[in-house]
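K.L.:
have a look; sequence and predicted model below, questions after that.
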Amino acid sequence: MPLYLNEDQTMLRDTARDFVADAAPVSHMRKLRDDKDATGFSRDLWKQFADMGFTGILIDEEQGGLGLGHVEAGVILEEIGRNLSPSPFLQTAVAAVEALKGTPHAERWFPGIIAGETVAALAIDESAKFRASVGMIAERSGNGFKLSGAKQFVHHGHVADLLIVAARTAGSADDQEGVTLFAVPKDAAGMTATAERLTDASLAARLQFDGVEVDSDAVIGEVDAGRAPLDRLLRAGRAGAAAEMLGVGAGAMDMTVGYLKERKQFGTLIGSFQALQHRAAHLYSEMEVARAAVLKAQQLLDAGDEKADAAVSVAKAMTGLATMLSVQEGIQMHGGIGMTDEYDIGFYMKRQRVLAELFGDANYHADRLAQAAGY
């Protein structure tokens with residue numbers, strides 16, 4: 001498979017680039033932050049995403065979606081990252097959709113997602129950093145289950161219509177088997193959500209489940225076999241997060257290169273300084289390698305290749321490192337102005353940090369790849 005976009009994907013990229021830049025530029029995110037918006041994103045903007053058809057990008061045409069793949073979803077996510085646009089697209093239209101595919105829940109939730117009326121949140125994290133363990137308990141209760149425990153870093157968890165919750169129905173926290181996924185509606189009794197603002201000004205919730213009762217229909221997939229839909233969710237989410245992070249890094253690099261072409265020091269453009277040229281060239285190279293890794297992972301996911309899981313970890317780790325370089329070089333080459341809140345480059349650093357941690361950071365995925373190779 002060639003590591004570049006085909007004609008249709010390029011047209012989608014151009015459409016998404018114009019739309020996102022116009023409807024949700026960096027100033028949109030800044031306004032939500034300054035207004036202390038309690039939702040964390042604009043529902044009107046989410047509806048505009050639906051009007052463009054983007055919310056159904058991974059949903060089959062027979063179900064009302066576009067029937068496209070992870071490459072196309074990544075095209076949109078890159079533009080979201082480039083503009084730092086607050087949006088539930090990654091969690092809802094990518095990760096949640098992938099988890100619900102082929103289950104009875106698709107019929108219930110997909111129409112609302114396609115219409116831009118439904119937002120999904122992923123309640124899978126329990127510790128300070130992402131770990132594969134699941135300790136939250138789901139006990140049998142009548143014809144259903146009772147959920148008890150806590151989740152954190154649940155993006156949009158305080159306003160989501162649907163919560164996809166990973167809980168343990170058998171075994172201990174670190175066991176691979178014995179995990180079950182549940183689709184929990186927002187109005188479930190016994191669940192409380194406390195929203196907290198992250199470093200990039202986005203909102204994530206800490207969720208507390210105090211004997212939340214759900215019936216057996218809430219199970220996604222099969223009881224004790226939730227790793228399969230959870231793994232689908234994670235692969236899609238990691239590839240999507242890498243694509244969005246790629247956009248963050250590209251946006252920061254564009255700002256930095258533009259600044260090098262405009263800023264003068266002692267009457268000379270700083271972009272003419274060889275040391276800065278070398279650093280900019282190195283950054284460009286690292287970003288292109290990351291871009292190739294992300295596209296390869298997306299292509300393998302779309303092909304259903306067994307190597308997709310490893311490729312996704314490679315993409316998430318490499319993009320995390322490349323975009324960290326991008327935002328750090330951006331701050332340094334902007335000098336003093338890069339440290340001010342009035343200038344946008346700092347927002348790229350903050351957003352990169354949140355995305356780098358999402359679904360596992362570079363160290364997590366490097367270790368995951370090493371263990372898979374027998375180390």
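P.N.:
Alright, I've got the coordinates.
K.L.:
residue 154 - that's part of a helix, no?
P.N.:
No. Per DSSP: H, G, I helix; E, B strand; the rest coil, residue 154 lies outside any helix segment and is strand.
K.L.:
give me the pLDDT value at it.
P.N.:
We note a pLDDT of 97 for residue 154 in this prediction.
K.L.:
what's around it, how many residues?
P.N.:
Counted with other C-beta atoms under 10 Å, the neighbours of residue 154 add up to 24. Just so you know, the C-beta spots here come from the backbone N, C-alpha and C atoms, and that holds for glycine as well.
K.L.:
pretty sure it sits against residue 207.
P.N.:
Yes. Look at residue 154 against residue 207 with C-beta atoms under 8 Å: they come within range, at 5.4 Å.
K.L.:
quickly list what's touching both of those two.
P.N.:
Shared contacts of residue 154 and residue 207 (C-beta atoms under 8 Å, 6 or more residues apart in numbering): 123, 163, 193.
K.L.:
among these, which are in strands?
P.N.:
Of the positions in the shared contacts of residue 154 and residue 207, 123, 163, 193 sit in strands, assigned by DSSP state E.
K.L.:
out of those residues, who's the most crowded?
P.N.:
For these, counting by other C-beta under 10 Å, the largest number of neighbours falls to residue 123: 28 neighbours.
K.L.:
which residues touch that one?
P.N.:
By C-beta under 8 Å, 6+ apart, the contact list for residue 123 reads 151, 154, 157, 163, 164, 165, 166, 184, 207.
K.L.:
residue boundaries of the strands in the stretch 1-150 of the chain?
P.N.:
Counting by DSSP state E, counting those that start in this stretch, residue ranges of the strands within the stretch 1-150 of the chain are 120-123, 137-141, 144-155.
K.L.:
tell me which of those strands is the most buried.
P.N.:
strand 120-123 (a mean of 28; mean count of other C-beta atoms under 10 Å).
K.L.:
give me every residue that touches residue 13.
P.N.:
Contacts for residue 13 (C-beta under 8 Å, 6+ apart) come out as 5, 75, 78, 79.
K.L.:
show me the contacts for the third one.
P.N.:
By C-beta under 8 Å, 6+ apart, the contact list for residue 78 reads 13, 243, 244, 246, 247, 250.
K.L.:
can you pull out the helices in the stretch 1-150 of the chain?
P.N.:
In the stretch 1-150 of the chain, the helices defined using DSSP state H, counting those that start in this stretch lie at 7-23, 26-34, 43-51, 70-82, 97-100, 104-114.
K.L.:
so can I have JSON lines of the ones you listed showing mean pLDDT and distance to residue 366?
P.N.:
Converted to JSON lines, those look like this (pLDDT from 0 to 100; distance: least, C-beta to C-beta, whole Å):
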{"stretch": "helix 7-23", "mean pLDDT": "97", "distance to residue 366": "29"}
{"stretch": "helix 26-34", "mean pLDDT": "94", "distance to residue 366": "30"}
{"stretch": "helix 43-51", "mean pLDDT": "97", "distance to residue 366": "33"}
{"stretch": "helix 70-82", "mean pLDDT": "98", "distance to residue 366": "22"}
{"stretch": "helix 97-100", "mean pLDDT": "97", "distance to residue 366": "24"}
{"stretch": "helix 104-114", "mean pLDDT": "97", "distance to residue 366": "33"}
